[in-house]
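Fold the following.
(one chain, ligands or ions: 1)
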Amino acid sequence: MTRPTIDPAAAAADLTAWAVAPGDRPALHRALTFKDFNAAFGFMTRVAIKAETMDHHPEWSNVYNRVEVLLTTHDAGGVTELDTTLARFIDEAAAGLGGH
Ligand SMILES: C[C@H](O)[C@H](O)[C@H]1CNC2=NC(N)=NC(=O)C2=N1
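A predicted model of the protein is given here:
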């Protein structure tokens, strides 16, 4: 389902841990650091399960205790409410696992 797009700068202003992603596509970006790989992968597991229930998936990478997340809605060609919803979930999941 295609949804209306949101100005990424406005979304990032609201979601203080997030920034407009560098690059050509409108997207949100957050870099996270955890205590160790176990915490980082535990975080990713929680987000993966949420992403499946939403049918909305992050673009992300992991190196040991660090996770980089990019959120954009491919179908809409920009940032939508799906991305801000997932961003809020990510913020809560990260906080619960000591991510910053
Ligand atoms: C077929 C499937 O529903 C779509 O490809 C979904 C899957 N996950 C998705 N994730 C993201 N980030 N954007 C999408 O447009 C998207 N579309």
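
can we go C-alpha only for contacts and neighbour counts from here?
Fine.

Thr16 in helix, strand or coil?
coil (DSSP: H, G, I helix; E, B strand; the rest coil).

buried stuff in the one helix or strand Leu70 maps to?
Taking DSSP states H and E as the criterion, Leu70 maps to strand 66-71. Neighbour-count burial for strand 66-71, counted by 16 or more other CA atoms under 10 Å, picks out Arg66, Val67, Val69, Leu70, Leu71.

check contacts around the residue lying closest to Ala9 once chain neighbours are set aside.
Counting by CA to CA, 6 or more residues apart in numbering, Ala9 lies nearest to Val20, which is 6.0 Å off, once chain neighbours are set aside. By CA atoms under 8 Å, 6 or more residues apart in numbering, the contact set of Val20 is Pro8, Ala9, Ala12, Pro26, Ala27, Leu28, His29.

The fourth one and the ligand, how far apart?
Same thing as Pro26. Taking CA to the nearest ligand atom, to the nearest Å as the criterion, Pro26 is separated from the ligand by 12 Å.

Equivalent analysis for the last one, please.
For His29, the distance to the ligand (CA to the nearest ligand atom) stands at 13 Å.

so who does that residue touch?
By CA under 8 Å, 6+ apart, the neighbours of His29 are Trp18, Ala19, Val20, Ala21, Glu68, Val69, Leu70, Leu71.

Need the pLDDT of it.
Looking at His29, its pLDDT reads 98.

What are the phi and psi values at it?
When read as degrees, to the nearest 10, the backbone of His29 gives phi -130, psi 140.

Look up how far Asp36 lies from it.
Applying CA to CA, to the nearest Å, the value for His29 to Asp36 is 21 Å.

Quick one: end-to-end distance for stretch 31-41.
Stretch 31-41: ends 14 Å apart by CA to CA.

Tell me which residues of it come out buried.
In stretch 31-41, counting by 16+ other CA under 10 Å, buried: Ala31, Leu32, Thr33, Phe34, Phe37, Ala39, Ala40, Phe41.
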